[in-house]
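Undergrad: let's see this in three dimensions:
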Amino acid sequence: MTSTSSNRKPKLRALEPQRVQYLGRPFIHLRDPLGLTDKAVLLPEGLAPILALADGTRDEAGLQASLLLLAGVHVSQEQVRELVAGMDEACLLESDTYRAAVAAALSKYHAADARPASHADAVYPSKRGKLAAALDGYEREAPSVEPLPASANLTGVVSPHIDYQRGGKTYAQLWRRCSSALGEVELVVILGTDHAGSPGALTLTRQSYATPFGTLPTEREVVDGLAGVIGERRAFEEEIHHLSEHSIELAAVWLHKHIGRDAPVAPVLCGSFHPFVTGEREIEDDGPLNDAVEYLQGVMAGRRTLVIAAGDLAHVGPAFGDPAPVDVAGRSRLAAEDARTIEAINAADPRGFLALSAGERDRRKICGLPPIYLALRLLEGSKGESMGYAQSPADARGGSLVSIVGSALTNDTGAAWA
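TA: Modelled structure (predicted):
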């Protein structure tokens, strides 16, 4: 493939490279995180420096020279050209190829009756009966919990978004606890981690979310109102992320099972908070984000609203860039640190919750930080209870972990709804 004019100075998209072994040799596996193509690139580990060098400032000759001067790696310009062409074909570059793939995928997405359940038959069964049986199975295996009274003023839920195979018992305890208190809910605001999202981004969609139990219709009036305060362009410029992002979807399936009806939802994907926990930016200065919170508070004042934050906790170990595996002592320390975070969640204390991650400069890499923080802003005055805390393996040796928890928040004063 001949490089297009837009990638003669190739710029790599935000990716999640993975080290793999192929034919006994180390490679780096690169794939499009949005699933726009099934093509991928296996990059010899010795060429890894090119990932940092492909930042849009160097043409192919510049990449060749920089590899030699900065990394001592000698490759021909033809080899660089072939590599760049392969990355372009796999939609790994900010290029015309990638933009055309996004446009085609969005056109198909908007033309559909609803957002398809993109993780059906990968994380959970696509058939309604089989799915219900699978979720019931997780509930049988999980520790028994008593459902909240039907009269409980359930205001918020912090749900995992890890796959059901690892997190099924936590999902089961949480949603069983909430099941009887969902009957009067008029609107569900679902805030989910956007793993590919830009820092501070709140990304909307007007598409409804399909699950094997039916379709959760998106409340367009709320989406339009949010877009009005965020700005239409900012609100939808990363809408393509809704197509394959799993965070909202995996929480929505459990919600749909237990609420038992096609309840209206407002799905919002939340981009990284890294600038806010490293001191680069102050969250109080982010006008669109704070305007969005204020708008949703106004919506909640007039409708019985449930706020769901679909987010996991810590991501630690070599699989997430840490230098060493997590040992037994490390697991214990992680549990203690997570306990303080969970305490802030259950106190509906957004500032304390964010301050814990800022104080450690995001060392635990809590991927649910944005949706949980925003949910707690909307739920101040509520009180929570947690269940199902777990440290789930994230590599074959168990040295990398993802920690998860479920929390149900209620407001006995009834102040959350007018």
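Undergrad: just the strands in the stretch 201-350 of the chain please.
TA: In the stretch 201-350 of the chain, the strands defined using DSSP state E, counting those that start in this stretch lie at 202-203, 209-211, 214-216, 265-270, 305-310, 315-316.
Undergrad: out of the ones you listed, nearest to L154?
TA: Minimum separation from L154 across the strands of the stretch 201-350 of the chain (Cβ to Cβ) falls at strand 305-310, 6.3 Å. No exception for glycine: its C-beta is placed from N, CA and C like everyone else's.
Undergrad: neighbouring strands of the closest one in the sheet, and parallel or not?
TA: strand 154-159 (parallel), strand 187-193 (parallel) (DSSP bridges).
Undergrad: let me have the strands of the stretch 201-350 of the chain in TSV, extended by distance to E239 and mean pLDDT.
TA: Formatted as TSV, those follow (distance: least, Cβ to Cβ, whole Å; pLDDT from 0 to 100):
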stretch	distance to E239	mean pLDDT
strand 202-203	6	98
strand 209-211	13	98
strand 214-216	17	98
strand 265-270	9	98
strand 305-310	17	98
strand 315-316	25	97
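Undergrad: hmm, G167 is touching P393, no?
TA: No. Using Cβ atoms under 8 Å, G167 makes no contact with P393, being 11.6 Å away.
Undergrad: these two: who's more crowded?
TA: G167 (24 against 15; other Cβ atoms under 10 Å).
Undergrad: ok now the helix or strand that contains that one, how far from the chain's centre?
TA: Using DSSP states H and E, G167 sits in helix 164-178. Distance, stretch centre to chain centre, for helix 164-178: 18 Å (Cα atoms, centre = their mean, to the nearest Å).
Undergrad: swap in stretch 302-317?
TA: 10 Å.
Undergrad: quick check, K9 in contact with G56.
TA: Yes. Between K9 and G56 there is a contact at 5.4 Å, judged by Cβ under 8 Å.
Undergrad: who has more neighbours, the two?
TA: Using other Cβ under 10 Å, the more surrounded residue of K9 and G56 is K9, with 17 against 12.
Undergrad: can you count the residues close to G359?
TA: 10.
Undergrad: what sits against the nearest residue to H110 once chain neighbours are set aside?
TA: Once flanking residues are discounted, H110 sits nearest to Q207: 7.1 Å by Cβ to Cβ, 6 or more residues apart in numbering. Counting by Cβ atoms under 8 Å, 6 or more residues apart in numbering, Q207 touches 109-110, 112, 114-115, 218, 242.
Undergrad: again, only using 10 Å
TA: Going by Cβ atoms under 10 Å, 6 or more residues apart in numbering, Q207 touches 109-110, 112-116, 215, 217-218, 220, 223, 239, 242-243, 267.
Undergrad: poorly predicted segments of the protein, please.
TA: For the chain, applying pLDDT under 70 flags the ranges 1-7, 414-418.
Undergrad: most distant residue from the centre of it?
TA: Distance from the C-alpha centroid of the chain, by Cα atoms, centre = their mean, peaks at S76 (39.1 Å).
Undergrad: any idea what sits nearest A61, other than its immediate chain neighbours?
TA: Per Cβ to Cβ, 6+ apart, closest to A61 is Q77, 6.0 Å.
Undergrad: likewise for S357?
TA: Nearest to S357 is V277, by Cβ to Cβ, 6+ apart, at 4.7 Å.
Undergrad: got it, and V123?
TA: Closest to V123 by Cβ to Cβ, 6+ apart is D163, at 5.0 Å.
Undergrad: go ahead and confirm that neighbour touches T170.
TA: No. At 11.4 Å, D163 does not count as touching T170 under the criterion of Cβ atoms under 10 Å.
Undergrad: quick one on the thing from earlier: so the residue nearest to S357 makes contact with A358?
TA: Yes. Counting by Cβ under 10 Å, V277 touches A358, with 4.5 Å between them.
Undergrad: of these two, which one has the most company?
TA: V277 (24 against 17).
Undergrad: how close does that one sit to Y373?
TA: According to Cβ to Cβ, to the nearest Å, V277 stands 10 Å off from Y373.
Undergrad: give me the common contacts of the two.
TA: Listed as contacting both V277 and Y373 by Cβ under 10 Å, 6+ apart are 283, 354, 357, 366.
Undergrad: who touches the nearest residue to W175 once chain neighbours are set aside in this structure?
TA: Closest residue in space to W175, ignoring its immediate chain neighbours: W254 at 4.5 Å, by Cβ to Cβ, 6+ apart. W254 makes contacts with 124, 135, 138, 157, 159-160, 164, 168, 171-172, 174-176, 178-179, 211, 308, 310, 406, as judged by Cβ under 10 Å, 6+ apart.
Undergrad: again with L289
TA: Contacts of L289 by Cβ under 10 Å, 6+ apart are 200-202, 230, 270-271, 273, 276, 283, 370, 373-374, 377.
Undergrad: leaving out chain neighbours, which residue sits closest to the residue nearest the centre of the chain?
TA: With distances taken as Cα atoms, centre = their mean, the residue of the chain nearest its centroid is T193 (2.8 Å). Nearest residue to T193, sequence neighbours excluded (Cβ to Cβ, 6+ apart): S247, at 4.5 Å.
Undergrad: cool, thanks, talk later.
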